[in-house]
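>>> Pasted the sequence and its predicted model underneath.
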Amino acid sequence: MAAEQGIPALQALLEAEAPHLLEKREKKERREGLPELKNAVKGKVVLRFAPNPNGPLSFGHARGIVINGNYAKEWDGKLILRFDDTDTVVKPPLPVAYKQIPEEAEWLLGFKPHRIVIASEQMPHYYEHATQMLEEGFGYVCQCSGETFKEFRVSKTECPCRDNTPSLNIELWTKMMDGTFVPGDAVVRVKTAMDLKNPALRDWPALRIQNTAEHPHPRESIGSKYRVWPLLDFQSAVEDKIQGVTHIIRGKDLMDSTRKQVLLYEHFGWTYPETTYWGRVKVHEWGGFSTSQMRRDIEAGLFTGWDDPRLPTLSALRSRGITAKALRDFWVELGVTQKDISVPLSTLYSHNTKSIDDDAPRLSFIRQPESVTLDGEHPNQVEVEVHPNHTSRGMRTFDVSNKVIWIENEDLLKSEVRLKGFANIQIEGKKAQMGSIDRNDRRPIIHWLPEPSTSNATLLVAEDGEVKHIEGKLETHSYPEGTMVQLERIGYARVIDSTTLIFTHS
RNA sequence: GCUCGUAUAGUGUAGUGGCCCAUCAUGAAGGACUCUCAUUCCUUCGACCCGGGUUCAAAUCCCGGUACGAGCACCA
């Protein structure tokens, strides 16, 4: 048709018959930030981040906080911080974590989580739902051993306990509660089809007995009060319903957990929240990390504490000078794909540089200092900028009236150098012949310090699993603890006290 | 073994059938600016796992393969 009647005729026809085809599609633009949250309603979104408080937060936890927190903020919703502390034996909670985690979360987010929920305080709710499950017959008390049940699960055989009447189940439930049964004797299971394709889902366990006499819950108000405890899949499912959670974003290792929970929601007649997953993240330099392992290592004295700069905890990163903004930008950039990824620390560092460089005052720190005596005429004072991009921040004054300066051992080998902000020199042994005050050639520029108003200082560097103490001469300063500074020609560091710094990154 | 998931430059990431000889960041190399090996700016490098199929048209949909990861705990 185009050939016979020409393009205009075609266009006219289209305009009459199907004008939408002529509309130019908008140029696709690169999506900024996180992907759109499915089925989200402004102001109605409820998300949660639910760590086990068996230790303070680690780098990996930050993802859960940042992603869920950003969505909550974006949709004017709520972020719940929930302590899933229902295991007193295998990964028991750590009391300090209840206080530390909310503080760390707030630091990271820039706002307080809207609600804090502690699972161990919600036990009556879980019991109530467990009872309902037994009464209505979609759950049962199973007295088979773990081994026996495993065989049933693999062979798709129905466990004989499935046939218990509701009244028998309630009777057995009472025995779980009153101490007649001990751990291992009985467990409450959720009924599913035993021929489900996925073996992980078949009649999954919902509550078990824990020996809380020997392993009391570390929260004093709970202690040995309860013997029967919900497992994650049950506790989390019920709690999400109670709290009105609308969206769950979590690791893809919990995909089968979602499937189990959906089965439970169907029994209760509830609708499961919208769920998305992210894949596993490894940091090149750290490999994997487990809170339980860190806890053991700290208790064994391998590390000084949870904020030991070698550890990938949030408190350690923070005390090393990684900012909350850098962590947020980092995790948002990684997004919520289900890919398993491995990222180098340099990615985090580049975000950190962006967040601190503009503020960080410059300081001179001389490693392996060597003293050199200036030979020749020169002014008694030298002024150097606090920040090269912000002259309004003033100058640092170096007093060179006694002619003795410190330079790095390494720089001593170069004969013709320029003292930054001062003058050219020619190094001959321990003497430095003064050259031009004006910069009149391209010779290398080195950082240096005058002998007065200089302190012996230590730069702590966490590297290759150890904390190195680098001694040197530090420019006298009065920046408070926590200030991020840039050590000229070395990198960024965080002030611990007037003579101690911790290295952040270059 | 059974089940589930993922696969775009070195590393991350955008992309849901035509705008894609593919986006952005990071990285590397070079350069500009600069009295820091910093910051900022510019340039260059570099990718759709493999094989089929559907379609006028596939990074995008389907099937198979491969690789990697996860679950199958009385852990979270």
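Everything's here; your move.
>>> For the stretch 101-250 of chain A, what lies in contact range of RNA strand B?
A:144-146, A:149-150, A:153-154, A:183-185, A:187, A:197-200, A:205, A:208-210, A:229, A:231-232 (CB under 7 Å from any atom of the strand). All C-beta atoms are positioned from the backbone trio N, CA, C, and that covers glycine.
>>> In helices, which of those fall?
Cross-referencing these against helices under DSSP state H gives A:146, A:149, A:150, A:153, A:154, A:232.
>>> Filter these down to the buried ones, PyMOL style.
The buried subset of those, as determined by 16 or more other CB atoms under 10 Å, is captured in PyMOL by this line:
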select buried, chain A and resi 149+153+232
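>>> and which of the ones in helices among the residues of the stretch 101-250 of chain A next to RNA strand B is nearest residue A:282?
The shortest approach to residue A:282 among these belongs to residue A:232, at 23.3 Å (CB to CB).
>>> Tell me the pLDDT of residue A:194.
Predicted confidence (pLDDT) for residue A:194: 89.
>>> Just give me the neighbour total for it.
17 (other CB atoms under 10 Å).
>>> circling back: pull the most distant pair out of the ones in helices among the residues of the stretch 101-250 of chain A next to RNA strand B.
Farthest pair in those, by CB to CB: A:154 and A:232, 22.4 Å.
>>> count of residues packed around residue A:349?
Residue A:349, neighbours per other CB under 10 Å, totals 18.
>>> Contact partners for it?
Shown in contact with residue A:349 (CB atoms under 8 Å, 6 or more residues apart in numbering): A:504, A:505, A:506.
>>> The last one touches residue A:488, doesn't it?
Going back to what we said before, that points to residue A:506. No: Residue A:506 lies out of contact with residue A:488 (CB atoms under 8 Å); the separation is 11.8 Å.
>>> Give me the more crowded residue out of these two.
residue A:488 (20 against 12).
>>> Look up the closest residue to the more buried one, ignoring the ones flanking it.
residue A:447 (4.2 Å; CB to CB, 6 or more residues apart in numbering).
>>> what does residue A:478 give?
residue A:498 (7.3 Å).
>>> give me every residue that touches that neighbour.
Taking CB under 8 Å, 6+ apart as the criterion, residue A:498 is in contact with A:455, A:457, A:476, A:477, A:478.
>>> if we can go back for a sec, what subset of the residues of the stretch 101-250 of chain A next to RNA strand B is buried?
Buried subset of these (neighbour count, 16+ other CB under 10 Å): A:144, A:149, A:153, A:183, A:187, A:205, A:208, A:209, A:210, A:229, A:231, A:232.
>>> Could you dump those into TSV with pLDDT added?
Shown next, in TSV, are these (pLDDT from 0 to 100):
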residue	pLDDT
A:144	91
A:149	91
A:153	89
A:183	93
A:187	95
A:205	95
A:208	96
A:209	95
A:210	95
A:229	97
A:231	96
A:232	95
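>>> Now do the contacts for residue A:122.
A:235, A:239, A:242.
>>> Can you select the buried ones among those for me in PyMOL?
In PyMOL, this line selects whichever of those come out buried by 16+ other CB under 10 Å:
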select buried, chain A and resi 235+239
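>>> mind listing the helices in chain A by residue range?
Using DSSP H, helices in chain A cover A:2-5, A:7-17, A:59-74, A:97-109, A:123-135, A:146-155, A:166-178, A:232-243, A:255-268, A:291-299, A:314-320, A:324-334, A:345-356, A:409-412.
>>> Dump those helices into JSON lines; add distance to residue A:362 as well.
Formatted as JSON lines, these follow (distance: least, CB to CB, whole Å):
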{"stretch": "helix A:2-5", "distance to residue A:362": "68"}
{"stretch": "helix A:7-17", "distance to residue A:362": "64"}
{"stretch": "helix A:59-74", "distance to residue A:362": "29"}
{"stretch": "helix A:97-109", "distance to residue A:362": "26"}
{"stretch": "helix A:123-135", "distance to residue A:362": "56"}
{"stretch": "helix A:146-155", "distance to residue A:362": "62"}
{"stretch": "helix A:166-178", "distance to residue A:362": "66"}
{"stretch": "helix A:232-243", "distance to residue A:362": "49"}
{"stretch": "helix A:255-268", "distance to residue A:362": "49"}
{"stretch": "helix A:291-299", "distance to residue A:362": "35"}
{"stretch": "helix A:314-320", "distance to residue A:362": "19"}
{"stretch": "helix A:324-334", "distance to residue A:362": "20"}
{"stretch": "helix A:345-356", "distance to residue A:362": "12"}
{"stretch": "helix A:409-412", "distance to residue A:362": "17"}
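>>> related to what we said a few turns ago, of the contacts of residue A:122, which is the nearest to residue A:295?
The closest of those, once distances to residue A:295 are taken by CB to CB, is residue A:235, at 21.9 Å.
>>> Test my guess that that closest one contacts residue A:86.
Yes: with contacts counted by CB under 8 Å, residue A:235 reaches residue A:86, the gap being 5.3 Å.
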